[in-house]
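>>> Provided below for reference: sequence and predicted model.
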Amino acid sequence: MAARRTKSISAKVSEPEYARLVARAGDRTVSEWVRTVALEAAGPSRVESLLFVVLTEQAALRMILLNLQFAVSRGESVTAEFMQGLIARADRDKFGLAHARIAFEKTRREP
């Protein structure tokens, strides 16, 4: 069930500005379009989103590399199945690792 919208945000615009908003809204109401645009602007920027993707991939590569190094140092044979398992685990865990790293950095920097 969607959360009820109980808060309002308003802004005064001129007639030409309103006409521009109506044109940009297309088939949607101006209210719906403005809400979508405002919420997108309040979320992570494109750069932040791309940096998160890079961080998740870096976390996955680090996990694969470290686990591979440990396996080799223990004399284990590195089979295709072993590598596929490492890759699957890294893909499964990389987002959690990235979120944990970001949370750690936030707490480390706060007074």
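Now that the structure is in, tell me what you want to look at. Numbering: from 1, shown residues only.

>>> please make it C-alpha for all contacts and neighbour counts, starting now.
Fine.

>>> kindly provide the distance from the spatially most central residue of the chain to G43.
Nearest to the mean C-alpha position of the chain, counting by C-alpha atoms, centre = their mean, stands S49 at 5.0 Å. According to C-alpha to C-alpha, to the nearest Å, S49 and G43 sit 10 Å apart.

>>> also V54?
As judged by C-alpha to C-alpha, V54 and G43 stand 18 Å apart.

>>> who has more neighbours, those two?
Between V54 and G43, counted using other C-alpha atoms under 10 Å, V54 has the larger neighbour count: 13 against 10.

>>> quick one, domains of this protein?
The chain breaks down into these domains under automatic domain parsing: 12-43, 46-109.

>>> neighbours around Y18, how many?
Counted with other C-alpha under 10 Å, residues neighbouring Y18 total 13.

>>> equivalent analysis for the one 5 residues further on, please.
Under the neighbour criterion other C-alpha under 10 Å, A23 is assigned a count of 12.

>>> which other helices and strands does whichever helix or strand the residue nearest to the centre of the chain is part of contact?
Assigned by DSSP states H and E, S49 belongs to helix 46-73. Applying 3 or more C-alpha pairs under 8 Å, 6 or more residues apart in numbering; DSSP states H and E, one finds that helix 46-73 makes contact with helix 80-109.

>>> buried ones in the helix it packs on?
Residues of helix 80-109 classed as buried: 86-87, 90-91, 94-95, 97-98 (neighbour count, 16 or more other C-alpha atoms under 10 Å).

>>> Serialize the residues you listed to TSV and add fields for pLDDT and distance to E17.
Formatted as TSV, the buried residues of helix 80-109 follow (pLDDT from 0 to 100; distance: C-alpha to C-alpha, whole Å):
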residue	pLDDT	distance to E17
L86	95	55
I87	96	52
A90	96	49
D91	96	46
K94	95	44
F95	94	41
L97	91	45
A98	91	41
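
>>> can you put those residues in TSV and add distance to N67?
Below are those laid out as TSV (distance: C-alpha to C-alpha, whole Å):
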residue	distance to N67
L86	7
I87	10
A90	10
D91	14
K94	14
F95	18
L97	15
A98	17
